[in-house]
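J.: The sequence and its predicted three-dimensional model are supplied below.
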There are 2 protein chains.
Amino acid sequence: MGSGSRTKRRIALLLQYDGTEYNGWQVQAKGVTIQDLIEKALEIISKETIRVTASGRTDAGVHALGQIAHFDITSELSLQKLAGSLNGILPRNIAVKNVYEVPADFHSRFSAREREYVYHIYNSAARSPFMMNRAMWVNFPLDKLFFNASLACLVGEKNFASFCKKTSAEDGTIRKILFAEAEMNNELLEVKIRGTAFLHNMIRIIIGTVVDNFRHGRDPEWMHEIIASEEREAAGPTAPASGLYLNNVRYDPPLKSFPSAF
Amino acid sequence: MGSGSRTKRRIALLLQYDGTEYNGWQVQAKGVTIQDLIEKALEIISKETIRVTASGRTDAGVHALGQIAHFDITSELSLQKLAGSLNGILPRNIAVKNVYEVPADFHSRFSAREREYVYHIYNSAARSPFMMNRAMWVNFPLDKLFFNASLACLVGEKNFASFCKKTSAEDGTIRKILFAEAEMNNELLEVKIRGTAFLHNMIRIIIGTVVDNFRHGRDPEWMHEIIASEEREAAGPTAPASGLYLNNVRYDPPLKSFPSAF
């Protein structure tokens, strides 16, 4: 076979990371990014220069429970060895949780059908040492029902210009939210939002707005007014990055695990 | 009233801390301890030299969700202000979650009737960035039923010499375990053990032993043999400090919150 057999394979990774110490996903002029470290680890393993593409960038301080990233590689290493080697090289705040052999036309970003984010609010009179860098802390009692009534206003295909960081909307501001609900587990309010795609800072502005509306005694339906205004100023502050988790990215067909994961 | 009114008050704190960066609870020759930081913070607030006593020492790396510590103070600060000031001074990985005015004969250690610990095992093929320093990682599938059958052997008043760090049993090795059960929540095995008091490293040796027995295919009832041997060598390794949490300390009568906690 010779060199002819050394064709490129496309591989996707299921990644988790604690974003606290990183300057986000994407390679930047300044600061260490998750992309940096994964590309360097792959270079050590394969001796190839490898570019890695994620389903979406996560900003500095944002976490991932289910980020998907793909790359092309010539190495014939088994998927299991690849995962093991990456976890051996990567720092402990980044983990490869699964590896998939994917078709050459699979693209972590363009093939993604749905993205799901979770936002954590720690709701207690006093802070928690265990929620440091992991959740937004709100020290007055929130109301899950208010959250759910507010979030319900967002579901559907809408112009979310009010919930977009200014000067960042490259391909318009119309997006489709499929699901948006809050659950309270002890002192943790967990907001889950699923959509086809999101604008820059969209989830964080949504969360900051709902908290702000609640604090100011506004009606949950006020969200409709904010959406209709199509003005960033109509919405509330951007909630901290530390509460945001990229939870899941859905593809069709779904990614298939290699058999050895338990 | 004059200086006669400046009598000492006894105050108890409900504390949470992430023990990762600390050399345990108790003031040591080397390393920063939680006791150090709380005593220094109280001195800043009250201008008094204050000694703080906890319900029990936690070792380096061990966490607390419900540590109780008491001290005497002359300052007439309200409990709420005291809690607020302490949280303002203490680093974010330590938190005062509640403050109680207690009788002069209350003692966080000697008045404690029961202590409850939780041990977290992260059970997944690949590590989790979010469990780093928060749980023991076991990468082969554990069985909750095996854990519960093993833990059941421990309940009762027994000689736990096999589960005690050598040379550390000052007042004998007989202790009473009231409750010991495991629950599996997604990939997190949570073991809860409640007793009147515990020997040094007792919970960590119990956990290390159950994992070891499972890995070696021993019967859960083998725990009876280990207890009967009264030899540290009969038990398994000491599980990591990072998975251990002092969860709750019970007093009779129970500590009463100041009214403003929500």
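T.: Sure, I can see it. Residues are numbered from 1 along each chain as shown, chains lettered A, B, ... in the order given.

J.: How much space separates A:Arg10 from B:Leu42?
T.: 60 Å (C-beta to C-beta, to the nearest Å). All C-beta spots, glycine's among them, are computed from the backbone N, C-alpha and C.

J.: out of these two, which sits in the busier spot?
T.: Per other C-beta atoms under 10 Å in any protein chain shown, whichever of A:Arg10 and B:Leu42 has more neighbours is B:Leu42, with 24 against 17.

J.: I'd say that one and B:Glu48 touch.
T.: Yes: counting by C-beta atoms under 8 Å, B:Glu48 is a contact partner of B:Leu42 at 7.4 Å.

J.: tell me which residues in the strand or helix carrying A:Ser85 are buried?
T.: Per DSSP states H and E, A:Ser85 falls inside helix A:79-89. Buried positions in helix A:79-89, judged by neighbour count with 16 or more other C-beta atoms under 10 Å in any protein chain shown: A:Leu79, A:Leu82, A:Ala83, A:Gly84, A:Ser85, A:Leu86, A:Asn87, A:Ile89.

J.: Check which element follows that helix along the chain.
T.: Toward the C-terminus, helix A:79-89 is succeeded by strand A:94-102 as the next helix or strand (DSSP H and E).

J.: now check that next one, is it near chain B?
T.: Yes: using C-beta under 8 Å from any C-beta of the partner chain, strand A:94-102 comes into contact with chain B via A:Ile94, A:Ala95, A:Val96, A:Lys97, A:Asn98.

J.: Also stretch A:8-22?
T.: Yes: contact between stretch A:8-22 and chain B, assessed by C-beta under 8 Å from any C-beta, occurs at A:Gln16, A:Tyr17, A:Asp18.

J.: quick one: the residue lying closest to the first one once chain neighbours are set aside from B:Gly66, how far?
T.: With C-beta to C-beta, 6 or more residues apart in numbering or on different chains as the criterion, A:Gln16 has its nearest non-adjacent residue at 4.8 Å, and that residue is A:Ala95. A:Ala95 sits 30 Å away from B:Gly66 when distances are taken as C-beta to C-beta.

J.: Between those two, which has more neighbouring residues?
T.: For A:Ala95 versus B:Gly66, the count of surrounding residues by other C-beta under 10 Å is larger for A:Ala95: 25 against 20.

J.: From what I see, that one and A:Asn87 are in contact.
T.: Yes: in this structure, A:Ala95 is within contact of A:Asn87 by C-beta under 8 Å, at 6.2 Å.

J.: which residues are common contacts for those two?
T.: Shared contacts of A:Ala95 and A:Asn87 (C-beta atoms under 8 Å, 6 or more residues apart in numbering or on different chains): B:Ala126, B:Arg127.

J.: Poorly predicted segments of the stretch 101-250 of chain A, please.
T.: Across the stretch 101-250 of chain A, the ranges flagged by pLDDT under 70 are A:167-169.

J.: Spell out which parts of it neighbour chain B.
T.: A:Ser124, A:Ala125, A:Ala126, A:Arg127, A:Ser128, A:Pro129, A:Phe130, A:Met132, A:Arg134, A:Phe140, A:Pro141.

J.: mind redoing it with 10 Å?
T.: Contacts of the stretch 101-250 of chain A with chain B, taken as C-beta under 10 Å from any C-beta of the partner chain, map to A:123-134, A:137, A:139-141, A:245.

J.: the domain parsing of chain A - what is it?
T.: Using automatic domain parsing, the domain ranges for chain A come out as A:2-111, A:114-247.

J.: just the helices in the stretch 1-150 of chain A please.
T.: Along the stretch 1-150 of chain A, counting by DSSP state H, counting those that start in this stretch, helices occupy A:34-46, A:79-89, A:144-152.

J.: Keeping just the C-alphas, turn the shortest one into CSV.
T.: As requested, C-alpha coordinates have been extracted for helix A:144-152 and formatted as CSV (Å, rounded to 0.1, in the frame of the first residue of the first chain):
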residue,chain,number,x,y,z
LYS,A,144,-38.4,29.3,39.3
LEU,A,145,-41.9,30.1,38.0
PHE,A,146,-40.9,33.6,37.0
PHE,A,147,-37.9,32.2,35.2
ASN,A,148,-40.1,29.7,33.3
ALA,A,149,-42.7,32.3,32.4
SER,A,150,-40.0,34.6,31.1
LEU,A,151,-38.1,31.9,29.2
ALA,A,152,-41.3,30.7,27.5
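
J.: picking that back up, dump the helices of the stretch 1-150 of chain A into JSON lines; add distance to A:Thr196 as well.
T.: As requested, these are exported to JSON lines (distance: least, C-beta to C-beta, whole Å):
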{"stretch": "helix A:34-46", "distance to A:Thr196": "23"}
{"stretch": "helix A:79-89", "distance to A:Thr196": "29"}
{"stretch": "helix A:144-152", "distance to A:Thr196": "17"}
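
J.: Out of those helices, which is closest to B:Gly61?
T.: helix A:79-89 (22.3 Å; C-beta to C-beta).

J.: What is the closest one packed up against?
T.: Packed against helix A:79-89 by the contact rule (3 or more C-beta pairs under 10 Å, 6 or more residues apart in numbering or on different chains; DSSP states H and E) you find strand A:9-17, helix A:34-46, strand A:94-102.

J.: CA atoms only: put that helix into PDB for me.
T.: C-alpha atoms of helix A:79-89 as PDB (Å, rounded to 0.1, in the frame of the first residue of the first chain):
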ATOM      1  CA  LEU A  79      -9.600   6.000  18.700                       C
ATOM      2  CA  GLN A  80      -9.000   4.600  22.200                       C
ATOM      3  CA  LYS A  81      -5.300   5.300  22.100                       C
ATOM      4  CA  LEU A  82      -5.900   8.700  20.700                       C
ATOM      5  CA  ALA A  83      -8.300   9.600  23.600                       C
ATOM      6  CA  GLY A  84      -5.900   8.100  26.100                       C
ATOM      7  CA  SER A  85      -2.900  10.000  24.700                       C
ATOM      8  CA  LEU A  86      -4.800  13.300  24.600                       C
ATOM      9  CA  ASN A  87      -6.000  12.900  28.200                       C
ATOM     10  CA  GLY A  88      -2.400  12.100  29.200                       C
ATOM     11  CA  ILE A  89      -1.100  15.300  27.700                       C
END
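
J.: Could you check the angle that helix makes with strand A:9-17?
T.: When axes from the mean of the first three to the mean of the last three C-alpha atoms, to 10 degrees is applied, the directions of helix A:79-89 and strand A:9-17 differ by 40 degrees.

J.: and the angle from helix A:79-89 to helix A:34-46?
T.: Helix A:79-89 runs at 120 degrees relative to helix A:34-46, counting by the same axes, to 10 degrees.

J.: any idea of the angle helix A:79-89 forms with strand A:94-102?
T.: Using the same axes, to 10 degrees, the direction of helix A:79-89 lies 160 degrees away from that of strand A:94-102.

J.: neighbouring contacts of helix A:79-89?
T.: For helix A:79-89, the external contacting residues (C-beta atoms under 10 Å, 6 or more residues apart in numbering or on different chains) are A:9, A:11, A:13-15, A:37-38, A:40-46, A:73, A:75, A:77-78, A:94-101, A:257-261, B:125-127.

J.: Stretch A:142-155 too?
T.: By C-beta under 10 Å, 6+ apart, stretch A:142-155 touches A:121, A:123, A:160, A:163, A:175-184, A:189-195, A:202, A:206-207, A:209-211, A:213-215, A:218-227.

J.: Mind checking which of these are in strands?
T.: If you go by DSSP state E, the contacts of stretch A:142-155 have A:121, A:123, A:175-184, A:189-195 in strands.

J.: gap between A:Gly19 and B:Trp222?
T.: 44 Å.

J.: Kindly check the end-to-end length of stretch A:126-145 for me.
T.: 23 Å (C-alpha to C-alpha, to the nearest Å).

J.: ok, and for it, which residues are buried?
T.: For stretch A:126-145, by 16+ other C-beta under 10 Å, it's A:126-132, A:134-138, A:142.

J.: what's the most distant pair in these?
T.: Longest span within those, C-beta to C-beta: A:Pro129 and A:Leu142, 20.6 Å.

J.: per-residue confidence at A:Glu43?
T.: pLDDT for A:Glu43: 97.

J.: got a list of what it touches?
T.: By C-beta under 10 Å, 6+ apart, the contact set of A:Glu43 is A:Thr49, A:Ile50, A:Ile89.
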